[in-house]
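In: A structural model of the following input is requested.
(one chain, ligands or ions: 1)
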Amino acid sequence: MTNVALLGYGRFGAAMASLLRDADVDVRAFDPRSPVPDEMRVASIPELVRDRDFVIVAVPVTAMPRAFAAMRPLLAPSQIVVDVGSVKLGPSAAMNESFGAAIPWVATHPLFGPISLSRGERPLVAVVCPNATHPAAVERVVALYERIGCTVVLEDEATHDRNMAWTHALAFFVAKGMLDAAVPLDIPYAPPSFQALARTVEAARSDAGHLYAALHRENPYAAEARRKLVEALVAADQNLSGSDGMAPPPSSSLVLLPSTARSQALRETRDLIDDLDREIVELLGRRAQLARRAAREKAKLGRPVRDPEREAELFEARRRWAAERGLDPASVHEIFDAILRFSRRLQHEEPIDGAD
Ligand SMILES: O=C(O)C(=O)C[C@]1(C(=O)O)C=C[C@@H](O)C=C1
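Out: Here you go, the predicted model:
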């Protein structure tokens, strides 16, 4: 049985442990600060790493060099050290320094966390950095990520960090700006464009505090990305505050559209509907995964697939949400009726020990 030692049982470590265990990987974990469930807990780093195939280091990036140095004398060349930090140049250099050619090591970044897992978001993506000194270890780590349901992207450390500066780091930076500016996030009729931003802010807010600092301070490309964004925003602000930005909308927007423009408007509308429907299908896929998970949990508890009490609550809530949104509750009820039929059908197909 594949086995893993997990150093660090914070929010990410716990999420990783549950994915590994769902894939029948034996997990042992150690964290002097966070509680670890009894069945995985060990009392020290030596006990943690002894005879383990993989040693996954899920501690804050700034604590990694110390962790690597502490475990170096305890490891053998048959073991593989894997870091899961959100930046890659620093941890890679630190692993190279501690383990070099003697102990196989692989730098990785799983692009998911407890929130995306609890929402059942798929696909799970993990970046794995190629490593010329330990190519066989890279292959084994790729196989481990695939086993827990990840799509693996092979990317070198610098490209990864540059990409993360523009995405992960800037998303957190914008979120911080919105939080510090006390932007209200809970206005119920906010448009979809804002709802997407509000989800980003929520995700950033609930992530560990050390992550924000690491994304910016430990990523050598983050400062440049921030500077460019701030400059662009300042320029946009100046533009809007100047006379151009205050000009009234051009009168042509009030003129009746000619028929070619009208058919173009219909095409655009249909494109938008296609985009939305695609999202709905994606959401149905994610809902199906959660329904399968519910089926597995109920099977373990010896409970039947159908739960009339839960279904009654579910319909009541959806009817209420429909009314709040100005939609006909009976019509929305009908849609969920179909969704539940779909869900129960999937649940009956679910093999009891399947892993999603
Ligand atoms: O919540 C559960 O127990 C589920 O199995 C999920 C679900 C659903 O799809 O929402 C499916 C069947 C049950 O009758 C109730 C709800």
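In: Now do stretch 135-142, average pLDDT.
Out: Here stretch 135-142 scores 98 as its mean pLDDT.
In: Enumerate the residues of the stretch 151-300 of the chain near the ligand.
Out: If contact is defined as C-beta under 6 Å from any ligand atom, the residues of the stretch 151-300 of the chain in contact with the ligand are 291, 294-295, 298. C-betas here are computed from N, CA, C, even on glycine.
In: okay if I get those residues as a markdown table plus secondary structure, neighbour count and pLDDT?
Out: Listed next are these as a markdown table, based on DSSP: H, G, I helix; E, B strand; the rest coil; neighbours: other C-beta atoms under 10 Å; pLDDT from 0 to 100:
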| residue | secondary structure | neighbour count | pLDDT |
| --- | --- | --- | --- |
| 291 | helix | 21 | 94 |
| 294 | helix | 17 | 93 |
| 295 | helix | 23 | 93 |
| 298 | helix | 16 | 92 |
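In: now those residues in CSV, with distance to residue 80?
Out: Below are those laid out as CSV (distance: C-beta to C-beta, whole Å):
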residue, distance to residue 80
291, 35
294, 35
295, 34
298, 37
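In: Could you pull up the residues touching residue 89?
Out: 157-158, 161, 219-220 (C-beta atoms under 8 Å, 6 or more residues apart in numbering).
In: oh sorry, the question was meant for residue 163
Out: Shown here is residue 163, whose contacts under the criterion C-beta under 8 Å, 6+ apart are residue 155.
In: ok, it to residue 234 distance?
Out: Between residue 163 and residue 234 the distance is 25 Å, computed by C-beta to C-beta, to the nearest Å.
In: Also residue 125?
Out: Plainly put, residue 125 is 33 Å away from residue 234 if you go by C-beta to C-beta.
In: who has more neighbours, the two?
Out: When neighbours are counted by other C-beta atoms under 10 Å, residue 125 and residue 234 differ, and residue 125 comes out ahead with 15 against 10.
In: What does that one show for phi and psi?
Out: Torsion angles at residue 125 (phi, psi; degrees, to the nearest 10) stand at phi -120, psi 140.
In: so it touches residue 149, yeah?
Out: No. With contact defined as C-beta atoms under 8 Å, residue 125 does not reach residue 149; the gap is 10.5 Å.
In: So what's the gap between the helix or strand where residue 263 lies and the chain middle?
Out: Counting by DSSP states H and E, the element that carries residue 263 is helix 259-300. Counting by C-alpha atoms, centre = their mean, to the nearest Å, helix 259-300 is centred 20 Å from the centre of its parent chain.
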